[in-house]
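>>> here's my sequence, what's the structure:
(chains A, B, C and D)
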There are 2 protein chains.
Amino acid sequence: MTYEQFSKYSFLLDRTARRVKQYAQRKFKQQAFDVTVDQWLVLKNLSESEALSQSELAHLVFKDHPTLTRIIDILCKKGYVARLPHPQDRRSFQLLLTDTGKEKVLELKPQVSEIRQEAWKNLNQDDFNEFKRILDTIYTNLED
Amino acid sequence: MTYEQFSKYSFLLDRTARRVKQYAQRKFKQQAFDVTVDQWLVLKNLSESEALSQSELAHLVFKDHPTLTRIIDILCKKGYVARLPHPQDRRSFQLLLTDTGKEKVLELKPQVSEIRQEAWKNLNQDDFNEFKRILDTIYTNLED
DNA sequence: CAAATATACTTAGTGTAACAACTAATTTTT
DNA sequence: AAAAATTAGTTGTTACACTAAGTATATTTG
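Numbers count the residues shown, from 1 in each chain, chains lettered A, B, ... in the order given. As a prediction, this is how the structure comes out:
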């Protein structure tokens, strides 16, 4: 590996991640989803295992606590999520989807899937496996 | 490709890009580089072809104009970059590294390279080629 | 059981990203 | 040459990422 390559992988990675997010966000907006890409990630994960605390959810979506706090704030304000007091621990909340939130997830899931597929044109299953392997390796290489 | 995979590539990509940036940023801070990761990218590109306009530079680093304006603002304030009036076009600037800016680039270049290599442990040249191919494919798939 | 420590979450501050709207200067069109 | 369109850059707004510091509650330790 040469110096130039080392300096480039981070650039390519950042550039592509931004484009992927931007592309999805634009579609989300055009189709009036009423949530951002990150809000969708949180909503979807919550729909798959409800009654999580914010810490548990933060861990699931790999976002830090302050970021998650604010995303939850917004989702509560929009009426998709509710913070219930945790029965045993008064420091924490149980996060629940409201009925509106559940409907939103059901409505958006196939549409998001559609949008996501666009990036994967001209690429196949092997490519995905390679992609995942390399990304995961980088990720764990930089683990604290 | 299944639905689950489509929903996952963007997650893996975003997660890894953030970790790579965060890792580098932490090192930058520990070693008192006095610039952020994004500011470094701009500085480095400027050192490789000076007297660019902001538009040209924005194009090089794949950042949009408002973002670049703000990064340049900071780099000027820190004394690494100067905006000179463009001789032919009064709308635009020529961006130049100051002497301090040039020194900074020379000083940081090997140190940044060192930091960047960390991510690439257990991965080789073939992996890089695959990685680049897939990222570039995704990028162009989502081109406007 | 009181003191120290840890955990859950929030707030504050800085930086970046994207979009929209804006000013000023330049180029094109008619 | 005036009007229209384009280009260069800035400003404003919303949202996210990360760090650090703060509050409140729980848990552990002496």
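
>>> confidence score at residue A:41?
Residue A:41 carries a pLDDT value of 97.

>>> put the alpha carbons of the strand or helix carrying it into PDB.
Remark: residue A:41 resides in helix A:37-48, with elements defined by DSSP states H and E. The C-alpha trace of helix A:37-48 is given here as PDB (Å, rounded to 0.1, in the frame of the first residue of the first chain):
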ATOM      1  CA  VAL A  37     -32.600   9.300   7.000                       C
ATOM      2  CA  ASP A  38     -31.300   9.100  10.600                       C
ATOM      3  CA  GLN A  39     -34.700   9.500  12.100                       C
ATOM      4  CA  TRP A  40     -35.800   6.600   9.900                       C
ATOM      5  CA  LEU A  41     -33.000   4.400  11.100                       C
ATOM      6  CA  VAL A  42     -34.000   5.000  14.700                       C
ATOM      7  CA  LEU A  43     -37.700   4.500  13.900                       C
ATOM      8  CA  LYS A  44     -37.000   1.200  12.100                       C
ATOM      9  CA  ASN A  45     -34.800  -0.200  14.900                       C
ATOM     10  CA  LEU A  46     -37.300   0.700  17.400                       C
ATOM     11  CA  SER A  47     -40.100  -1.100  15.500                       C
ATOM     12  CA  GLU A  48     -38.000  -4.200  15.600                       C
END
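
>>> who touches that helix?
A:21, A:24-25, A:28, A:33, A:35, A:52, A:57, A:60-61, A:63, A:68, A:71-72, A:74-75, A:80-81, A:95-97, A:101-102, A:104-105, A:108-109, A:112, B:7, B:11 (CB atoms under 8 Å, 6 or more residues apart in numbering or on different chains). The way it works is simple: take the backbone N, C-alpha and C, and place the C-beta from them, glycine included.

>>> which among the residues you listed end up buried?
In the contacts of helix A:37-48, burial by neighbour count holds for A:21, A:24-25, A:28, A:33, A:35, A:52, A:57, A:60-61, A:63, A:68, A:71-72, A:75, A:80-81, A:95, A:97, A:101-102, A:104-105, A:108-109, A:112, B:7, B:11, counting by 16 or more other CB atoms under 10 Å in any protein chain shown.

>>> now, which of those residues lie within helices?
Using DSSP state H, the subset of these located in helices is A:21, A:24-25, A:28, A:57, A:60-61, A:68, A:71-72, A:75, A:101-102, A:104-105, A:108-109, A:112, B:7, B:11.

>>> give me the subset of the contacts of helix A:37-48 touching DNA strand C.
When CB under 7 Å from any atom of the strand is applied, the members of these adjacent to DNA strand C are A:21, A:25, A:72.

>>> residues near the nearest residue to the second one once chain neighbours are set aside, how many?
Nearest in space to residue A:25, with sequence neighbours left out and distances taken as CB to CB, 6 or more residues apart in numbering or on different chains, is residue A:37 at 5.1 Å. When counting by other CB atoms under 10 Å in any protein chain shown, one arrives at 20 neighbours for residue A:37.

>>> quick check: residue A:91 vs residue A:54, distance?
Using CB to CB, to the nearest Å, one obtains 10 Å as the distance from residue A:91 to residue A:54.

>>> follow-up on the earlier one: could the ones next to DNA strand C among the contacts of helix A:37-48 go into JSON lines alongside pLDDT?
Below are these laid out as JSON lines (pLDDT from 0 to 100):
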{"residue": "A:21", "pLDDT": "97"}
{"residue": "A:25", "pLDDT": "97"}
{"residue": "A:72", "pLDDT": "98"}
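
>>> from these, pick the one nearest residue A:130.
When these are compared for distance to residue A:130 (CB to CB), residue A:21 wins out at 21.7 Å.

>>> ok, the closest one touching residue B:10?
Yes: in this structure, residue A:21 is within contact of residue B:10 by CB atoms under 8 Å, at 7.4 Å.

>>> for residue A:127, which non-adjacent residue is closest in space?
That would be residue B:134: by CB to CB, 6+ apart, it lies 5.5 Å from residue A:127.

>>> which residues are in contact with that neighbour?
Taking CB under 8 Å, 6+ apart, we find residue B:134 in contact with A:123, A:127, A:130, A:131.

>>> cool, residue A:50 as well?
If you count contacts by CB under 8 Å, 6+ apart, then residue A:50 has A:95, A:96, A:97 around it.

>>> ok so it is a strand residue?
No: assigned with DSSP: H, G, I helix; E, B strand; the rest coil, residue A:50 falls outside any strand and is coil.

>>> could you measure from it over to residue A:103?
For residue A:50, the distance to residue A:103 equals 15 Å [CB to CB].
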